[in-house]
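Coordinates for the following, if possible.
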Amino acid sequence: MLFNSLIFLVFLPIVFAAYWLIPAKHRNLFLLVASYYFYFSYNPWFLLLLIGTSVVDFYLAKGISKTEKRNTRKQLLLLSIVSNIGVLFVFKYFIFFYNSGLSLFASNPNLLSNFIIPAGLSFYTFQSISYTIDVYRGKYKPDDTLKDFLLYVSFFPHMVAGPIVRHHALMPQLKMTHFFKDIEWGNASKQIIWGFFKKMVIADNVDYLVNPVFNDLPNDFNSLEFLIIGVLFLIQLYADFSGYSDIAIGLAKLFKINLKLNWNRPLLSKSVTEYWQRHHISLTSWFKEYVYISIGGNRVSTPRWIFNILVVFLLSGLWHGAYFTFIIWGFLNGLFYLIEHLPLKIKLPTFVKWIYTLCIISIFFIAFRANNLHDLAFVYKQMFINFNVSQGLNHLLSLNDRLFFVMIVFIICILFTKELQEEFKLIKSSHFKEYVLTPLFYIIIFCLIFWLGNFNANSFIYFQF
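As a prediction, the model looks like this:
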């Protein structure tokens, strides 16, 4: 079930009304059933996988807490990690490693086709792993009921594409008694409307330009066009994924649940390092705490620190998908992250640093979006070896009519205007801003969704991860 589908427009009001009408003691059970139905609508069999992995982690955490034996605790933790990573490996990585190995040792390999990846698999497995590790480290006592723990893992707004929520941030809220009168209607509606605008108006319309370049006609474009398409894909990915996060955070507020910020205006970053502090915050913080710090962090020698950084970025790339293009994307980000930490005293104007970051990150994301290594090599060759802008933007402009490009520029300007306002407070807080400008802005955004939005129920990009 997609947030931007008609069935969700039926599902949400029913769940919302029922949740607030039933007695408080039964609400979590009802919300758990609703969340499971939400996931069931994707694929009934994968619901069994979600329940199975959650139940296993619940009881393994109980076992870790009950014993004082160090070896037993380690074994139970290892069992939790192996079972979760094992599920990830089977569905997401087995075919990749099998086909890669077969291609190396067989002249005419019989390659396997990819499995269907359960929606949100990487998100809910990482959430469960963080819980068992934290119990092992003594951060939590696993005194939750099975019902509450299952809801913690599967709460439908964030289950499929994040944000990855930590136990201490969500579980206490699930155990509280909430009141209908306390719903933050203004904040919830603003985030939901803005999220749908990002997804249906910006991301889905930009896709009409990005998709043909990478899927149909990659040989027809020149260096400048590839750079522009790279920037457009960066904007598309941000609008698509942060749009999902905005909707998820807004929906959670309807049930008096506060989910943490997952995106902090990364398009305004002035370095690769800053970009990764603002981009997909719940995932980067997960890798920082459970991978980077666990292997030594920066409390090691310089060569080992470089190794740790590259490991984290390579694993981040692999987390997104079992393709060499994702690994290259992760490596490039890690490499430039390290370069930026060299003791170079180069002072550049803020605007120049912003342009540098936007271009560099966009070039990296071409690797993220490329369908295969052959296409990626062709694009990078055109950009860095056969650099040619003599044809201008003819091929790019031929993808759609001029009015469509005017609309794309218009909606991207709206995106950046709002981001700049939030970043720099261009319009100071006042009674007029709060009660006139802000409501008017969201009314206009709401109308633009119906005027310019794509109502084809396109899937969110990160559902495949």
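
Which parts of this structure belong to which domain?
As assigned by automatic domain parsing, the chain contains the domains 6-182, 185-464.

Select from these the stretch with the lowest mean pLDDT.
Note on these: lowest mean pLDDT is at domain 6-182, with a mean of 84.

now that one: how far from the chain's centre is it?
Centroid displacement of domain 6-182 relative to its chain, using Cα atoms, centre = their mean, to the nearest Å, is 16 Å.

can you give me the helices for the stretch 101-250 of the chain?
121-136, 146-154, 156-159, 167-175, 185-196, 204-215, 223-253 (DSSP state H, counting those that start in this stretch).

Deepest in the core, which of those is it.
Each of the helices of the stretch 101-250 of the chain was assessed for mean neighbour count using mean count of other Cβ atoms under 10 Å. The highest is helix 156-159, with a mean of 25. All C-beta spots, glycine's among them, are computed from the backbone N, C-alpha and C.

Can you dump the C-alpha atoms of that helix in PDB for me?
Taking C-alpha atoms only, helix 156-159 is exported to PDB below (Å, rounded to 0.1, in the frame of the first residue of the first chain):
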ATOM      1  CA  PHE A 156       3.100   1.600   9.500                       C
ATOM      2  CA  PRO A 157       4.200   5.200   8.800                       C
ATOM      3  CA  HIS A 158       7.900   4.500   9.100                       C
ATOM      4  CA  MET A 159       8.100   0.700   8.600                       C
END
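
Contacts for that helix, please.
For helix 156-159, the surrounding residues in contact (Cβ atoms under 8 Å, 6 or more residues apart in numbering) are 31, 34-35, 38-39, 120, 123-124, 153, 164-165, 247-249, 251-252, 257, 259.

Same question for stretch 366-375.
So stretch 366-375 is contacted by 210, 214-215, 218, 226, 229-230, 233, 237, 320, 323-326, 328-329, 332, 376, 379-380 (Cβ under 8 Å, 6+ apart).

Over to stretch 267-283?
126, 162-165, 234-235, 238, 241, 260-266, 284, 316, 319, 333, 336-337, 340-341, 350, 353-354, 357-358, 360-361, 416, 419-420, 423.

Kindly report the same for stretch 291-307.
Applying Cβ under 8 Å, 6+ apart, the set of residues contacting stretch 291-307 is 308-309, 311-312, 315, 338.

among these, which ones are buried?
308-309, 311-312, 338 (16 or more other Cβ atoms under 10 Å).

Please identify which of the residues you listed is nearest to residue 177.
Of all the buried ones among the contacts of stretch 291-307, residue 312 has the smallest distance to residue 177: 40.1 Å, by Cβ to Cβ.

Where does the closest one sit: helix, strand or coil?
helix (DSSP: H, G, I helix; E, B strand; the rest coil).

mind listing what residue 136 touches?
64, 73-74, 76-77.

Next, format the residues you listed as JSON lines and append neighbour count, distance to residue 178 and secondary structure.
What follows is the contacts of residue 136, written out as JSON lines (neighbours: other Cβ atoms under 10 Å; distance: Cβ to Cβ, whole Å; DSSP: H, G, I helix; E, B strand; the rest coil):
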{"residue": "64", "neighbour count": "23", "distance to residue 178": "31", "secondary structure": "helix"}
{"residue": "73", "neighbour count": "17", "distance to residue 178": "35", "secondary structure": "helix"}
{"residue": "74", "neighbour count": "12", "distance to residue 178": "39", "secondary structure": "helix"}
{"residue": "76", "neighbour count": "23", "distance to residue 178": "34", "secondary structure": "helix"}
{"residue": "77", "neighbour count": "20", "distance to residue 178": "33", "secondary structure": "helix"}
